[in-house]
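Trainee: sequence first, then the predicted structure:
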Amino acid sequence: MSKGPVLMHLQGLLSFPLTPFTEDGKVNLAVFAEHVEQQVAAGPSALFVACGTGEFTSLSPQEYRDVVTTAAQVAAGRVPVFAGTGGGAQMARDFAAAAAESGADGLLLLPPYLVSSTPAGLVEHVRFVAESTPLPITVYQRANAVLDQAAAVALLDLPTVAGIKDGRGDVSAMLGLVTAIRTSGHPRAASFGFLNGLPTAELSVQAYRSIGVESYSSAVLCFAPDIATAFYEAVRAGDANAVQTLLAAFYLPFVALRDQVPGYAVALVKAGARLAGLDMGPVRPPLVDASAAHVERLAEILAAGRSALRDLRAAA
């Protein structure tokens, strides 16, 4: 996989693999390798490892290297592997260097640790990291990392910054960024990428597609690839009945359960992967594992989603 200012015009589903841990707290690389292989087989456009769903903030530098190296080895060039990087500015540089040495094809730059600034200050943070690495960077907009239109256009002058992942959910503001970049007249304007990175992005995919943001992260792909890929195909085909059926039977109940406990955007996904037969182990603090009652409810939601999927396929 080439390491230039490649991609970001990624299309379709994006996988954000989990990081499995043993009961005594170590990273379980054998299970992680199996998980990555399953994710590649599900057909995403790219893997984003050691990011939010992968519990980046809980990993030691060596664990991070091990996770990225394993993902790159398992993917073996079949799909690009992006690695999370973040923390303070210098720490983000250090993780970026480790990602490049471990075989990553690109980076997802997470918001700066604790510090809030201006959109122009955020551009300088991105510049500081980008100047230290040849890898293409996707900037994750959320929390204390918010771009305005001028800042978004300024990113075009950083040749290895390849895209923006949005985790805010302000569709009108995101439309402003997309429009500002696409109409900027910059040589890279047409190839610059945009990703929908909202939790359970399937709920917002139709709104984002309407403003030109077609790629999205799918946590559901980590534990129910059959549902995630069927939903994506229905969206792409414009099959409103299938989209609404899967939203009603699976996605909306799943999100209602996810929203009951902070951190379930990771913990509930890990519980789903355990239900699918992978020994994912626990989440790391400060996240809390899904309760037994919530895991039972998740199993019911999965059964309902698959029942709806079978009915759709039978009707087709």
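Mentor: Cool, got the structure.
Trainee: so where's the chain shaky on pLDDT?
Mentor: Scanning the chain for pLDDT under 70 picks out the ranges 1-9.
Trainee: just the helices in it please.
Mentor: Using DSSP state H, the helices assigned to the chain run over residues 29-41, 61-75, 89-101, 119-130, 149-154, 171-182, 205-209, 225-237, 240-246, 252-258, 264-275, 292-315.
Trainee: tabulate these (CSV), appending mean neighbour count and distance to residue 143.
Mentor: Placement of C-beta: from N, CA and C, glycine included. Output for these, formatted as CSV (neighbours: other Cβ atoms under 10 Å; distance: least, Cβ to Cβ, whole Å):
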stretch, mean neighbour count, distance to residue 143
helix 29-41, 18, 26
helix 61-75, 20, 21
helix 89-101, 19, 15
helix 119-130, 19, 11
helix 149-154, 19, 16
helix 171-182, 17, 14
helix 205-209, 18, 19
helix 225-237, 19, 25
helix 240-246, 16, 29
helix 252-258, 18, 18
helix 264-275, 23, 13
helix 292-315, 15, 25
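Trainee: where's the closest residue to residue 211 other than its chain neighbours relative to residue 164, distance?
Mentor: Setting aside the residues directly before and after it, residue 211 is nearest to residue 175 in space (Cβ to Cβ, 6 or more residues apart in numbering), at 4.4 Å. From residue 175 across to residue 164, the span is 13 Å (Cβ to Cβ, to the nearest Å).
Trainee: then residue 59?
Mentor: According to Cβ to Cβ, residue 59 stands 24 Å off from residue 164.
Trainee: more neighbours, the two?
Mentor: A count of neighbours by other Cβ atoms under 10 Å puts residue 164 above the other of residue 59 and residue 164, at 23 against 20.
Trainee: if you drop the residues flanking it in sequence, what lies closest to the more buried one?
Mentor: Take residue 164 and drop its neighbours on the chain: the residue closest to it by Cβ to Cβ, 6+ apart is residue 139, 5.2 Å away.
Trainee: burial count for that neighbour?
Mentor: For residue 139, the neighbour count with other Cβ under 10 Å is 27.
Trainee: then residue 80?
Mentor: 23.
Trainee: so what's the residue count around the closest residue to it other than its chain neighbours?
Mentor: Spatial nearest neighbour of residue 80, chain neighbours left out: residue 105 (4.0 Å); criterion: Cβ to Cβ, 6+ apart. Residue 105 has 24 neighbours, counted by other Cβ under 10 Å.
Trainee: my guess is residue 145 meets residue 111, correct?
Mentor: Yes - in this structure, residue 145 is within contact of residue 111 by Cβ atoms under 8 Å, at 3.6 Å.
Trainee: so for these two, which residue has more residues nearby?
Mentor: A side-by-side neighbour count of residue 145 and residue 111, using other Cβ under 10 Å, places residue 145 first with 23 against 20.
Trainee: beta partners of the more buried one?
Mentor: Taking DSSP bridges as the rule, residue 145 bridges to residue 142.
Trainee: residue 29 versus that one, what's the distance?
Mentor: Using Cβ to Cβ, residue 145 is found at 30 Å from residue 29.
Trainee: what's the answer for residue 241, then?
Mentor: Separation of residue 241 from residue 29 (Cβ to Cβ): 42 Å.
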